[in-house]
Every structure is written in structure tokens, then in C-alpha cells.
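Chemist: coords please:
(4 chains)
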Protein chains: 2
Amino acid sequence: MESRINRIKKQLHSASYKLTPQREATVRVLLEYEEDHLSAEDVYLLVKDKSPDIGLATVYRTLELLTELKVVDKINFGDGVSRYDLRQEGADHFHHHLICIECGSVDEIQEDLLGDVEKKVEHDFNFKVKDHRLTFHGICWRCHDKVENEREEPSASKKK
Amino acid sequence: MESRINRIKKQLHSASYKLTPQREATVRVLLEYEEDHLSAEDVYLLVKDKSPDIGLATVYRTLELLTELKVVDKINFGDGVSRYDLRQEGADHFHHHLICIECGSVDEIQEDLLGDVEKKVEHDFNFKVKDHRLTFHGICWRCHDKVENEREEPSASKKK
DNA sequence: CTGCTTGCAAACGCTTTGCATATGA
DNA sequence: TCATATGCAAAGCGTTTGCAAGCAG
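Modeler: Numbers count the residues shown, from 1 in each chain, chains lettered A, B, ... in the order given. Reported below is the predicted structural model:
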């Protein structure tokens, strides 16, 4: 964990960016909430908790920086907000997302499912793939189970 | 073409929406520029050409309507603008996009490449897939060819 | 010391909304 | 007729930017 921060610091450094406390605080929040898909505002509020003297603009600028360094990926799920997702270390591809249209949850698939598809695209369309974005919309296992249970015990203990 | 408009009109009708000239004009533009990925503003300007008395807000409202009816898909390529893409008639899946990081062009793949992947997702993650979004970022065949040619005739006719 | 960073507030650009008017069914 | 749809302008909202002050290297 600490080592991961240091590696990111080094990346900043070698791109000749300064290591300011604000940037470090932002990176720490991103690591801490790695599971989530935070918006800039989310990050801002979380950073502000620990370092109250940070401005929203700085968070935006830091996130832009980290996107440029490929530390995070900027993603867009169609609501009007950009979200920022830490890249797995050493990952050469962008991970996939499962968005539940029932509960709105977002799960991640780290495994690369597109190897064969990309080969086909490169061959059939003569398109040199550098990156991809793949999102599935549907029903997550939690909501799926919920429906199952309700069907199994229709009049029984109905949870409110 | 004309029949396609009529079918869309019928869809509007059966959802008890009125068939106004503004809506028809908007649909016509979408059909005419089916290849492109127009933003709301793009559509507005094109519609305005033929029917000058239309407001931007109406275009936004119509596009929202058509999205709801699944006549178009609202897509987002990461620039701050929403784009609207006509669905293929009868298509149950959303088509894929190839975005060139050199020239910015956007090509479409109508063919569904994700059949196997979706099966895997449903099985491995117990996620019921309803729709998907897939975008590849890379070098399109045009830019690829350009680089090839420059390599073949390095000092020859260099285009500026 | 000096140029990169910051916080603040203002500006920006896309999109949505309130409202009085117009109109399709 | 009359609920729905429209145009306009204003408001909304996430994001970016100008600038003077601050700070890391």
C-alpha cells in the first residue's frame, strides 16, 4: 500500500511534477476507495475531510494529471459526471464494468475478456487497438437473487 | 427510407406522443445523417436549415423522447457532449464503435462481437446482460495506411 | 529564488426547466 | 376543446480558467 503510493509519487516525479501535499492526499483517497467509482466531487469531499484546505479546482487538476499519467482512468457511465478509476498496476488494458439497472451498483471485471474480439477487430477492420471501454448493463447477482427469493416465498416474510 | 420514417412515427403514436413537424424534421435529419454521430447542437443546426423555426430545447426534448423509445442511443465518447446514434431496426444490441486516436474518426461495427463474452459474464458473474457498450480506441485503417505510405516513400513527395 | 501549484471566484459549455403561447388530435 | 408541445430565456450543474499568492525543489 505504502509502496504503491511511493511508486505513484515516483511517476509524478519523473514526469517532473511536484509532490505537493494536496496531490498526495488525493492519491491516498483514490487508493483507499479503490473499489468505488468516485466523481471529482466525491474525491474532493473525501480529501477535504483529512486536509480541509484543498480546493475543488486542485482536485480536478490532480485528477487530470493522474489520468494523463495513466494512474487512473476517467470513465463516464452516462450520468453527467466523470468518474475516476485507479488502474491495476501493470494492467495494459482497461477493466470492464457491470452496471446494474436495478440498483445502480457498479462491479468490475479485471480479467481481460476481449483478447479474441480485439484480434478479430484488428484483422477484419484493420484497426490497431490501443485501448477499449466495455460496459455491460443488466441485472447484478444481488438483485437477481432478490427476485428469486421473492418468487420462492411470495407471501412469507416480505422484507420491507 | 420513407417507410422507416413511418414506422418511427407509428412508434411515437402508439406511445401517445404527437406527431409534430419539429419531431418529424428531427427524425429526418437523424436518418439522413445516420452515418455520423451528431450532437444535439449538430442536429439542431441541421434541422434549423430546413425548418428555421425550431428551438434547441425542442431538439433536446425530441432526442430524449427518441432515446426513451429506443429509436436512438445516447452515447458519450468522453468529450463533454452527448451524441445520438440511430439504432438499426430490429437490433437488440447496441453496435460497437472504433474511435481513432489520430484523426478522431468514429466507425461502427454492426456485427455483434460479444456473444461469447456475454455468455461468460452471465455464467461467471451471475449477471443478466441486457445491453452493452463497447468502444475501441486505436488507429483506424486510414491513418494506418498513411503511416505506411510515409514509410515507403520517406523523402519523396512529402505532403504538408 | 523561480516556476510550478494552489485557492478562489468567475467563466464556460452543455443541458434542463419555467412559463406563456401555440397546436395536434 | 384542451392536454401536449413549443420557443425563449433563464437557471442548473459539472468542469475549466484567470489571477494573485504560496510553496516545493
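Chemist: A:Leu98 against B:Lys128, yeah?
Modeler: No. The criterion here is Cβ atoms under 8 Å, and A:Leu98 misses it with B:Lys128 at 10.1 Å. Placement of C-beta: from N, CA and C, glycine included.
Chemist: between the two, what contacts are shared?
Modeler: By Cβ atoms under 8 Å, 6 or more residues apart in numbering or on different chains, A:Leu98 and B:Lys128 have these common neighbours: A:Gly138.
Chemist: A:Asn126: neighbour count?
Modeler: Using other Cβ atoms under 10 Å in any protein chain shown, A:Asn126 has 13 other residues around it.
Chemist: That one reaches B:Cys143, doesn't it?
Modeler: No. A:Asn126 is beyond contact range of B:Cys143, at 10.5 Å (criterion: Cβ under 8 Å).
Chemist: How about the secondary structure of the spatially most central residue of chain A?
Modeler: For chain A, the residue nearest the mean C-alpha position is A:Asp85 (2.5 Å; Cα atoms, centre = their mean). The three-state label given to A:Asp85 by DSSP: H, G, I helix; E, B strand; the rest coil is strand.
Chemist: ok, it to A:Ile75 distance?
Modeler: 6 Å (Cβ to Cβ, to the nearest Å).
Chemist: Tell me where chain A has strands.
Modeler: A:38-39, A:72-76, A:82-86, A:96-100, A:106-109, A:128-139 (DSSP state E).
Chemist: List phi and psi for A:Glu34.
Modeler: With angles defined as degrees, to the nearest 10, A:Glu34 sits at phi -50, psi -30.
Chemist: ok, it - how many residues close by?
Modeler: 13.
Chemist: For it, list the residues it contacts.
Modeler: Taking Cβ under 8 Å, 6+ apart, one finds A:Leu86 in contact with A:Glu34.
Chemist: How about the one 10 residues further on?
Modeler: Contacts here follow Cβ under 8 Å, 6+ apart; on that basis A:Tyr44 touches A:Ile54, A:Leu56, A:Val59.
Chemist: Equivalent analysis for A:Thr26, please.
Modeler: Per Cβ under 8 Å, 6+ apart, neighbours of A:Thr26: A:Val43, A:Val47, A:Ile54, A:Thr58, A:Val59, A:Thr62, A:Leu63, A:Leu66.
Chemist: picking up where we left off before, shared neighbours of A:Asp85 and A:Ile75, anything?
Modeler: With Cβ under 8 Å, 6+ apart, A:Asp85 and A:Ile75 have common neighbours A:His37.
Chemist: Show me what A:His96 is bridged to.
Modeler: A:Ile109 (DSSP bridges).
Chemist: With A:Arg83 instead?
Modeler: A:Ser39, A:Ile75.
Chemist: next one: phi and psi at A:Leu19?
Modeler: Torsion angles, degrees, to the nearest 10, at A:Leu19: phi -100, psi 90.
Chemist: Do you know the pLDDT at it?
Modeler: Here the pLDDT value assigned to A:Leu19 is 95.
Chemist: Please apply the same query to A:Ser14.
Modeler: 94.
Chemist: now A:Phe94
Modeler: Model confidence at A:Phe94 (pLDDT) stands at 83.
Chemist: Distance check, A:Lys48 against DNA strand C.
Modeler: Distance, A:Lys48 to DNA strand C, by Cβ to the nearest atom of the strand, to the nearest Å: 9 Å.
Chemist: Nearest residue to A:Glu102 in space, ignoring adjacent ones along the chain?
Modeler: Nearest residue to A:Glu102, sequence neighbours excluded (Cβ to Cβ, 6 or more residues apart in numbering or on different chains): A:Cys143, at 4.0 Å.
Chemist: and what of A:Tyr17?
Modeler: Using Cβ to Cβ, 6+ apart, the closest residue to A:Tyr17 is A:Leu65 (6.5 Å).
Chemist: Just give me the neighbour total for that neighbour.
Modeler: Neighbours of A:Leu65 (other Cβ under 10 Å): 16.
Chemist: residues touching it, list them.
Modeler: A:Leu12, A:Tyr17, A:Arg23.
Chemist: neighbours around the nearest residue to A:Arg28 once chain neighbours are set aside, how many?
Modeler: Nearest-residue entry for A:Arg28: A:Ile5, 6.8 Å, with adjacent residues in sequence omitted and distances by Cβ to Cβ, 6+ apart. A count of nearby residues for A:Ile5, using other Cβ under 10 Å, gives 14.
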